[in-house]
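A.B. asks: Turn this into a model:
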Amino acid sequence: MSEFPPGFKPAWEDKIVDMKLFSTSDTDLTYERPDGTRYVLEIRKEKDDYYYTPDFQMELINTKPEPLQYDKVMEYKPQSPMIVDGKIEPWPHRR
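C.D. replies: Take a look at the predicted model:
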């Protein structure tokens with residue numbers, strides 16, 4: 001049973017923080033209010049939209065990736081030569 005009244009719509013200040021697209025007609029949108037509370041809009045084909053408050057499991061590990069460091073300088077080392085039978089040979093991709 002939904003705890004939201006019939007005809008409920010998200011407020012303008014509520015932001016979508018997670019979106020799960022199961023198919024072109026089945027979607028779950030997780031909204032976050034300015035006070036940090038969240039609710040989910042469940043959209044299913046041939047059914048009424050359903051709002052509910054999600055149950056969250058505490059995260060024991062950090063699942064969020066670290067942001068890319070665009071200013072980081074990459075160090076490239078030259079490829080060491082290939083030694084065959086005691087002779088230095090060029091790598092096959094450089095022949």
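A.B. asks: Residue 20 - that's part of a strand, no?
C.D. replies: Yes: applying DSSP: H, G, I helix; E, B strand; the rest coil, one finds residue 20 inside a strand.
A.B. asks: What is the burial count for it?
C.D. replies: Counted by other Cβ atoms under 10 Å, the residues lying close to residue 20 total 11. C-beta coordinates here come from the backbone N, C-alpha and C atoms, glycine included.
A.B. asks: Only the buried residues of stretch 22-41, if you could.
C.D. replies: Buried residues in stretch 22-41, counting neighbours by 16 or more other Cβ atoms under 10 Å, are found at 28, 29, 31, 39, 41.
A.B. asks: Go ahead and name everything in contact with that stretch.
C.D. replies: Stretch 22-41 is contacted by residues 4, 10-11, 13-21, 42-45, 49-54, 56 when judged by Cβ atoms under 8 Å, 6 or more residues apart in numbering.
A.B. asks: Could you work out the end-to-end span of it for me?
C.D. replies: From its first residue to its last, stretch 22-41 covers 13 Å (Cα to Cα, to the nearest Å).
A.B. asks: about what we covered before: among the contacts of stretch 22-41, which are in strands?
C.D. replies: 15, 16, 17, 18, 19, 20, 21, 42, 43, 50, 51, 52 (DSSP state E).
A.B. asks: Against which helices or strands is the least confident helix or strand in the chain by mean pLDDT packed?
C.D. replies: Least confident helix or strand of the chain, by mean pLDDT, DSSP states H and E, is strand 82-84 with a mean of 80. Packing contacts for strand 82-84, counted by 3 or more Cβ pairs under 8 Å, 6 or more residues apart in numbering; DSSP states H and E, involve strand 87-89.
A.B. asks: In the sheet, which strands lie alongside the strand it packs on, parallel or antiparallel?
C.D. replies: Applying DSSP bridges, strand 87-89 is found paired with strand 82-84 (antiparallel).
A.B. asks: Good, we can wrap up now.
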